[in-house]
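> What would the 3D arrangement of this be:
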Amino acid sequence: MLHKGDNFTTKLAHRIRSHIRKTCKIWNLYGPAEATLGSTYYLIPSTSDQPNVPIGQPFPNYRCLIVDEFSQPVILGEEGELLIGGVGVFAGYLGRDDLTKNVLLNIDDDLFYKTGDIVRLDSHRRLHYLRRKDHQIKLRGQRIELGEIEGCILGASSFVTACVVILWSKEYLVAYVQSDSTNAKLLRESCEARLPLFMVPSLFIVLAQLPLNPNGKVDRKRLPSPDFFGLLAQTEVANDRPTNEIEEEVHGLWCKVLGQDTGHISISVSFYSIGGHSLLLVQLYHRYQLLFDFDTSASTIAPFLRQTTIAEHAKIIGTIKSFDRKTKRWQSFNVNTGMTNNLNFLPEKY
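Next up is the predicted model:
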């Protein structure tokens with residue numbers, strides 16, 4: 001049995017094996033159309049503990065090179081862009097010399113195709129596909145590999161069979177997940193445990209089937225638009241409203257920062273799960289400082305980054321206010337005591 005066309009996981013291989021004869025062998029093939037479809041191959045063992053299946057080694061009469069951003073060869077284990085040379089490399093795009101010039105290289109009198117795929121070579125000389133080169137984005141000053149997020153989501157549950165992460169409106173990371181038995185909360189918790197906060201998607205959309213194009217690839221143009229306002233409406237729970245004055249004030253600030261002046265937000269929902277991100281949280285922190293009259297000496301932004309619900313923020317602020325009141329009482333006591341002691345030592349003529 002031959003597999004080709006998308007990243008192949010060990011989990012998927014095990015699922016396939018459960019439906020075929022034990023004597024049937026599964027091969028993972030890799031290769032772009034510009035290199036006549038098949039360029040590398042790998043025989044998948046019946047037992048494997050690695051999450052992703054390698055793309056293997058080149059077919060006879062093919063060559064594979066891995067280069068860095070400066071077109072220099074990388075060392076063993078280091079990632080880089082895969083170049084394919086050999087008998088199957090195409091001559092160019094018909095009538096598009098401009099595109100051809102960008103993807104074909106002449107190295108030692110051999111023609112190589114720049115795949116745009118990031119790979120690495122392991123100690124057994126097997127190639128591992130990592131991600132697309134053009135799937136790196138920059139969000140709020142941070143460089144993010146979308147493939148790293150997708151890999152984290154795929155590893156979060158055995159029921160997740162496909163995933164694609166996109167940058168929505170240049171502001172939010174949105175994850176589209178194909179599964180019939182998982183939920184957004186589980187996926188978010190897994191991502192928060194394994195990824196930096198700025199890489200955790202703002203929204204997880206779970207679908208029974210991701211839309212595909214005629215070639216069997218995910219059709220990104222047909223993915224449903226994320227509905228952040230609908231998500232906010234879903235968080236409205238009758239018994240999950242603010243229960244004290246601080247929670248009321250925190251809730252009001254959340255609505256303003258998130259652009260929901262007339263809405264309601266559950267006090268137990270995560271700031272990041274309803275369209276919030278790190279820059280908005282910085283704004284929220286400064287609003288807390290102004291409204292509740294404290295500075296960074298009383299509390300840094302760190303606890304607000306770790307605890308991300310209205311109830312948790314209100315509890316942090318309540319602790320700050322309590323500590324501030326005790327400090328002021330202690331300072332007042334010291335001043336009063338000092339004044340009394342000083343009066344005791346005044347000369348008698350006074």
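
> rest of the way, CA atoms for contacts and neighbours
Will do.

> can you map out the strands along the stretch 251-350 of the chain?
In the stretch 251-350 of the chain, no strands are found when defined by DSSP state E, counting those that start in this stretch.

> Now K25: closest residue in space, sequence neighbours ignored.
Leaving aside its chain neighbours, K25 sits nearest to M1 (5.9 Å; criterion: Cα to Cα, 6 or more residues apart in numbering).

> so who does the one you found touch?
Contacts for M1 (Cα atoms under 8 Å, 6 or more residues apart in numbering) come out as 24-27.

> For N106, which residues count as its bridge partners?
L111 (DSSP bridges).

> Then I205 would be within a helix, right?
No - under DSSP: H, G, I helix; E, B strand; the rest coil, I205 sits outside any helix and is assigned strand.

> A184 is in contact with that one, correct?
Yes - I205 is within contact range of A184, at 7.1 Å (criterion: Cα atoms under 8 Å).

> Buried residues of stretch 178-185, list them for me.
Within stretch 178-185, the residues scored as buried using 16 or more other Cα atoms under 10 Å are 178-179, 182.

> meant to ask about stretch 300-307
Buried positions in stretch 300-307, judged by neighbour count with 16+ other Cα under 10 Å: 304-305.

> Grab the CA positions of it and hand them over as CSV.
What follows is stretch 300-307 as a C-alpha-only set of coordinates in CSV (Å, rounded to 0.1, in the frame of the first residue of the first chain):
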residue,chain,number,x,y,z
THR,A,300,3.7,42.5,37.8
ILE,A,301,1.8,41.4,34.8
ALA,A,302,3.1,37.8,35.3
PRO,A,303,0.2,36.4,37.4
PHE,A,304,-2.4,37.9,35.0
LEU,A,305,-0.7,36.1,32.1
ARG,A,306,-0.8,32.7,33.9
GLN,A,307,-4.3,33.0,35.3
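
> Tell me how many other residues crowd R143.
The local packing of R143 (other Cα atoms under 10 Å) involves 12 other residues.

> helices and strands of the chain: which one bottoms out on pLDDT?
helix 228-234 (a mean of 58; mean pLDDT, DSSP states H and E).

> Restricted to buried residues, select the contacts of M1 in ChimeraX.
Applying 16+ other Cα under 10 Å to these, the buried members can be selected in ChimeraX as follows:
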select :26,27
